[in-house]
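K.L.:
Return atomic coordinates for the entry below.
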Amino acid sequence: MVAPCIIDQGVIYQKQDMQRLLKDLGQVSYIHTLDDEVLSQGEGCVRDVFSDEQRSTMVANRSLYLNVCSFDYLELTTSPEGDSAFDLVQDGRRLRLVPLSNPFHPAAANALDTATLEVMMAEVLSANLDAQLDDDEHSSL
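P.N.:
Residues are numbered from 1 along each chain as shown. The predicted structure is shown next:
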């Protein structure tokens, strides 16, 4: 038996293959539909992709945690302009993901992480300075 070869479009049923395709999407726009009725849409960042029958797929606070076990298959499509769309399908439910970041430019995907790191470092330095000032006040008493 020959393994499937999918290029730019096709249907993926294997959970491991679904994970591999989704794990590096980065920033995406998403549309959640049920029986072709739009329930929600927005933009977010794919934070985790996993396969666990006990855990949920969650989309909240502009973060996506995708469990491939929540879906029957992934449908990969490409527009004439070359843009990819990843449709996670389960019965009448469809979660369409369209990448906003370019995998050839990883710096754009890491910009959020760098900004977050800078904020965290500023908070740590500020807390350290506050602690030093408190120590100075207590030692001069």
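K.L.:
care to break the protein down by domain?
P.N.:
What automatic domain parsing lists as the domains of the chain is 10-99, 105-141.
K.L.:
any idea where the strands of the protein begin and end?
P.N.:
Taking DSSP state E as the criterion, the chain carries its strands at 10-12, 27-34, 37-50, 58-60, 63-67, 73-78, 84-90, 93-99.
K.L.:
Show me what stretch 70-85 is in contact with.
P.N.:
6, 8-13, 17-18, 21-22, 56-57, 68, 86-91, 95-99 (CB atoms under 8 Å, 6 or more residues apart in numbering). All C-beta spots, glycine's among them, are computed from the backbone N, C-alpha and C.
K.L.:
got TSV for the domains of the chain, with mean pLDDT, distance to residue 1 and mean neighbour count too?
P.N.:
Shown next, in TSV, are these (pLDDT from 0 to 100; distance: least, CB to CB, whole Å; neighbours: other CB atoms under 10 Å):
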stretch	mean pLDDT	distance to residue 1	mean neighbour count
domain 10-99	94	13	15
domain 105-141	66	36	10
